[in-house]
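A.B. asks: This is a predicted model, with the sequence first.
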Amino acid sequence: MAGVVDDKILGIIDIKDKETEENNNSIQNTLVKEEGSQGEKEMAHAAGNSIHRSGSRPQLDVSKAEIQSNVEEKYPTILLPNQSDDISHLALDIGGSLIKLVYFSRREHHQSANDKRKKSMKERLGISNGNRRSYPILGGRLHFVKFETSKINECLDFIYSKQLHRGGLESRYSDGVTNQNAIIKATGGGAYKFADLFKERLGVSLDKEDEMSCLVAGANFLLKAIRHEAFTHMEGHKEFVQIDPNDMFPFLLVNIGSGVSMIKVDGDGKFERVSGTNVGGGTYWGLGKLLTKCKSFDELLELSQKGDNRTIDMLVGDIYGGMDYNKIGLSASTIASSFGKAISDKKELEDYRPEDISLSLLRMISYNIGQISYLTALRFGLKRIFFGGFFIRGHAYTMDTISFAVQFWSKGAAQAMFLRHEGFLGALGAFMSSERHGLDDLMVHQLVERFPMGAPYTGGKIHGPPLGDLNEKISWMEKFLQKGTEITAPVPMIPPGTTGLGGFEVPLSKGSALRSDASALNVGVLHLVPTLEVFPLLADPKSYEPNTIDLSDHGELEYWFTILSEHLPDLVDKAVASEGGTDDAKRRGDAFARAFSAHLARLMQEPAAYGKLGLANLLEMREECLREFLFVDAYRSIKQRENEASLAVLPDLLMELDSMDEETRLLTLIEGVLAANIFDWGSRACVELYHKGTIIEIYRMSRNKMRRPWRVDDFDAFKERMLGTGDKKPPPHRRALLFVDNSGADIVLGMLPLARELLRLGTEVVLVANSLPALNDVTAMELPDIVAEAAKHCDILRRAAEAGGLLEDAMINTLDGSKENSSSVPLMVVENGCGSPCIDLRQVSSELAAAAKDADLIILEGMGRALHTNLNARFQCDALKLAMVKNQRLAEKLMKGNIYDCICKYEPAI
Ligand SMILES: Nc1ncnc2c1ncn2[C@@H]1O[C@H](COP(=O)(O)OP(=O)(O)O)[C@@H](O)[C@H]1O
Ligand SMILES: CC(C)(COP(=O)(O)O)[C@@H](O)C(=O)NCCC(=O)O
Ligand SMILES: [Mn+2]
């Protein structure tokens, strides 16, 4: 089939002698500037958000809304004069040691060119506002931050700087007078102790909520709404546990703060504090401080990493002359008495290493809490125990000790589980208690957790004001480089050795990998995206796992981390060039590279730090990180150039296709998709290829590879479904969703001609593209223009695009000025809700979910969407997965094949 598109045609798309990116792209620069300035505003915003009032829940009041700034601005600010400040945006848990803050920032809705398409799609697909709810919830972000209680003034400054006490409405909306009636939800003892201070400094009243009910509400919310919240931690191994929201209760909640509370939880709002102990986090930190002279909690914890508690604890072996006490199952290394050796030693405090003291203390307290927890669980017949509170601090040794105690004393019958948002349960519960935000029944698929680089945002260290703007973020990254590499290094995960019976050996870790004070917590920012939905055509959403490769295999992890690290310099080059190569862009590019490397380094050491890690998460994090440093679209000009070149050869390709019989054409079309998928700027091998040959050579090579059978080749089954056998013509599919991948040849010469064939057969086609740029993937925003260009050369596409509302202007512009009454099946475009090369079908846009309702065929294209993710996904409708494997190792691993092999996997509906 190599001659289908000849060299003359292909020569036009030569990317060999590509010059550097086009500089001074004014549209791009404008976009960046506007995004940047808007990003900092956290205001109530009504435009397009379709927020209406419901009887029971206060919502934004958009009456008399008016545009505040110059109407010529692309994203003007909208003033809501009737919106009161009473929407809860902040809740506090002021404990004996730490103040925990949970705050909500509303996301601004950007009106964009995309909105026209969106509006028409909404009408076409029958998406009503607040589609599946009786009231809308607000989109926005939940942030988690903590401060030391002793530094309450820093906390007040933080609240003031972000205007959180004003319900997030910034001072530009007020007359500058502090609102005396503002109320903040607060729990913990400090809600009483510091009430006057809050009134005095911020003019707000603290609305006090019961601490226990907040802890329970917070835990219940997290267990229901966050996919990877609970995990077990045994002998250094962390494993996420999927909790069934319908089978959560009862459980024991153990909150280890300064003191320890043990709460039996039977349901939402149904609980009893059944036990507790005064030997808790405050004891460790307090005693530890006295005994070691440590200045900070983290320092004390770090010391324990280098400790050897045998110098200070009395072990069974010390009593039994080095022997085990077998009769009762205690090994010689079991601690018989914490600190017991100090009785007989003729030593003073100074004679003991602070490291040993810290470790002995940590083990004593953790073990004791684990044991009491188990006894309490036993008393009430509870099998599951969840541990929260900041004593845990994501620290491997602490968790292992607690787990060991629970497992040992229960003989394996009970299990200790830990919560990733450990210390924020109370604050989250206080936040939930306000009932003003309508978040109560928020569902897992509406939350996306992101880990931004601004450490203070992630609640990293105990800190002052946040890294507000980009410049601060960049300088922070620069400082980070000067300081060395440890800034985001995690708490070490080196597994402690256990004796198996009753106690631990000395931890293996001798403190080689230590956490810096600025290390981030294991929690990110929770993005609340009310419009996200589970893709309705998944055969079994409960068992769906997007990632194909399991990164818990260390070899895999190391390989993909290396791949991503090696790709960085090229990516930074492209990103900087896409912003005109200015000094500012270079600085941002540098900072991005450092930030992303820091994330990678952290995850390399602690792969489960941010929840269960898959390749899709890594690829998405890279895109998010680029956006954080305001690289809106790193491959923008590459995409543009390749689109133009491909569009120029499209007419000839269509002509050749039209000269074929139906069967040959279908095969050629599928080959065309597979061959064009080679133009992938995310693959190291492909990028190297682009430097070695002209596009003709690459494309020729690619087409030569097209010889069937492909590595996975279900083409015959697909052809039979499409064209039937003999005279028997099967009915066409009603609607096909085409998950498109790359710009340029991939979309223009691959997927669009395939779409055209489906349209010709009478199938409605919905092109499903990214909401945000990722590598050289085409976006939903870019597609209408590409389709319009293609439609100039093709009647089928033109009529379908008109019928699908993609070409309204073209309809008006027909030669005789009359609107054609088209009877064609429509061609539509929807966004998928992602900004990543992969797709997690548990969280897609509501317009895609709506479009899916009538679809009976889906086509997933590309390595990201059809191989890294969804290769094993099963659907309720027919599914075709098309991709070229552009990575040798993946080809070997997945299908014992080679790089540039092709996959054509067809699975009829189940
Ligand atoms: N940076 C820190 N400063 C002080 N204590 C910390 C820090 N990080 C973790 N901790 C531990 O967390 C405990 C406080 O946990 P937390 O859940 O916030 O309880 P509380 O509400 O009692 O302050 C402290 O007693 C200490 O053991
Ligand atoms: C990022 C990608 C998934 C994009 O592939 P696509 O979906 O465009 O086919 C792919 O380029 C990839 O897996 N790259 C990393 C592997 C490598 O460089 O070999
Ligand atoms: Mn792609």
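C.D. replies: Received, thanks. Treat the numbers as computed from the prediction; the structure is a model and nothing was measured. Ligands and ions are numbered 1, 2, ... in the order given.

A.B. asks: going forward, measure contacts between C-alpha atoms and count neighbours the same way
C.D. replies: Noted.

A.B. asks: element containing R141?
C.D. replies: R141 belongs to strand 140-148 when assigned by DSSP states H and E.

A.B. asks: Moving C-terminal from that strand, which element do we reach first?
C.D. replies: helix 152-161.

A.B. asks: next helix or strand past that next one?
C.D. replies: By DSSP H and E, the next helix or strand past helix 152-161 is strand 183-187.

A.B. asks: Distance of the residue located most distally from the centre of the chain relative to G370?
C.D. replies: In the chain, the greatest distance from the average C-alpha position (CA atoms, centre = their mean) is reached by K346, at 55.4 Å. With distances taken as CA to CA, to the nearest Å, K346 is found 32 Å from G370.

A.B. asks: same deal with F339?
C.D. replies: Taking CA to CA, one finds F339 at 18 Å from G370.

A.B. asks: and these two? which has more neighbours close in?
C.D. replies: Using other CA atoms under 10 Å as the criterion, F339 and G370 rank with G370 on top: 27 against 19.

A.B. asks: which residues does the more buried one contact?
C.D. replies: T401, I402, S403, F404, A405, V406 (CA atoms under 8 Å, 6 or more residues apart in numbering).

A.B. asks: and the closest residue to it other than its chain neighbours, how many neighbours?
C.D. replies: Residue nearest to G370 in three dimensions, not counting chain neighbours: I402, with 4.5 Å by CA to CA, 6 or more residues apart in numbering. I402 has 29 neighbouring residues, counting by other CA under 10 Å.

A.B. asks: I'd like to know which elements the helix or strand hosting I402 is packed against.
C.D. replies: Assigning secondary structure by DSSP H and E places I402 in helix 396-410. Packing contacts for helix 396-410, counted by 3 or more CA pairs under 8 Å, 6 or more residues apart in numbering; DSSP states H and E, involve strand 230-234, helix 354-379, strand 415-419.

A.B. asks: how near is the residue nearest to G370 to ligand 3?
C.D. replies: Distance of I402 to ligand 3, computed by CA to the ion, to the nearest Å: 45 Å.

A.B. asks: Tell me if I'm right that that residue and Y367 touch.
C.D. replies: Yes - I402 lies in contact with Y367 (CA atoms under 8 Å); the separation is 5.4 Å.

A.B. asks: which sections of the stretch 301-450 of the chain are below the confidence cut-off?
C.D. replies: 435-441 (pLDDT under 70).

A.B. asks: what do you get if the cut-off is 80, keeping everything else the same?
C.D. replies: Where the stretch 301-450 of the chain drops to pLDDT under 80, the residues are 322-333, 345, 434-443, 448, 450.

A.B. asks: For ligand 2, what's the nearest residue on it?
C.D. replies: Proximity to ligand 2, evaluated over the stretch 301-450 of the chain using CA to the nearest ligand atom, is greatest for R450 at 19.2 Å.

A.B. asks: For that residue, list the residues it contacts.
C.D. replies: G524, V525, L526, H527, M621.

A.B. asks: in the sheet, who's paired with it?
C.D. replies: Per DSSP bridges, the residues bridged to R450 are V525.

A.B. asks: For the residue lying closest to G611 once chain neighbours are set aside, pull up the helix or strand it's in.
C.D. replies: Using CA to CA, 6+ apart and skipping residues adjacent in sequence, the residue nearest G611 is H228, 5.3 Å away. Following DSSP H and E, there is no helix or strand that holds H228.

A.B. asks: From L222, how far off is H228?
C.D. replies: 9 Å.

A.B. asks: Tally up the residues packed near the closest residue to ligand 1 within the stretch 701-850 of the chain, please.
C.D. replies: Scanning the stretch 701-850 of the chain for the residue nearest ligand 1 gives Q843, at 31.7 Å (criterion: CA to the nearest ligand atom). When neighbours are counted by other CA under 10 Å, Q843 registers 22.

A.B. asks: and if you look at R587?
C.D. replies: 18.

A.B. asks: do K295 as well
C.D. replies: 12.

A.B. asks: Report whether it is found in a strand, as I expect.
C.D. replies: No - looking at K295 with DSSP: H, G, I helix; E, B strand; the rest coil, it is coil, so not inside a strand.

A.B. asks: May I have the phi/psi pair for it?
C.D. replies: Dihedral pair for K295: phi -100, psi -20, per degrees, to the nearest 10.

A.B. asks: That one: what's it in contact with?
C.D. replies: K289.

A.B. asks: Before we move on, what's the pLDDT of it?
C.D. replies: On the pLDDT scale, K295 is placed at 92.

A.B. asks: Over to the one 5 residues further on?
C.D. replies: With respect to pLDDT, L300 scores 95.

A.B. asks: mind checking how far it is from T292?
C.D. replies: 8 Å.

A.B. asks: lowest average confidence, helix or strand, in the protein?
C.D. replies: helix 26-39 (a mean of 32; mean pLDDT, DSSP states H and E).

A.B. asks: Could you check the pLDDT of the closest residue to R734 other than its chain neighbours?
C.D. replies: Nearest in space to R734, with sequence neighbours left out and distances taken as CA to CA, 6+ apart, is T763 at 5.1 Å. Listed pLDDT for T763 reads 98.

A.B. asks: cool, the one 10 residues further on as well?
C.D. replies: At P773 the predicted local distance difference test score is 97.

A.B. asks: Tell me how far the helix or strand T668 falls within lies from the chain's centre.
C.D. replies: In this structure, T668 sits in helix 662-676 according to DSSP H and E. Remark: helix 662-676 is offset 36 Å from the chain centroid, using CA atoms, centre = their mean, to the nearest Å.
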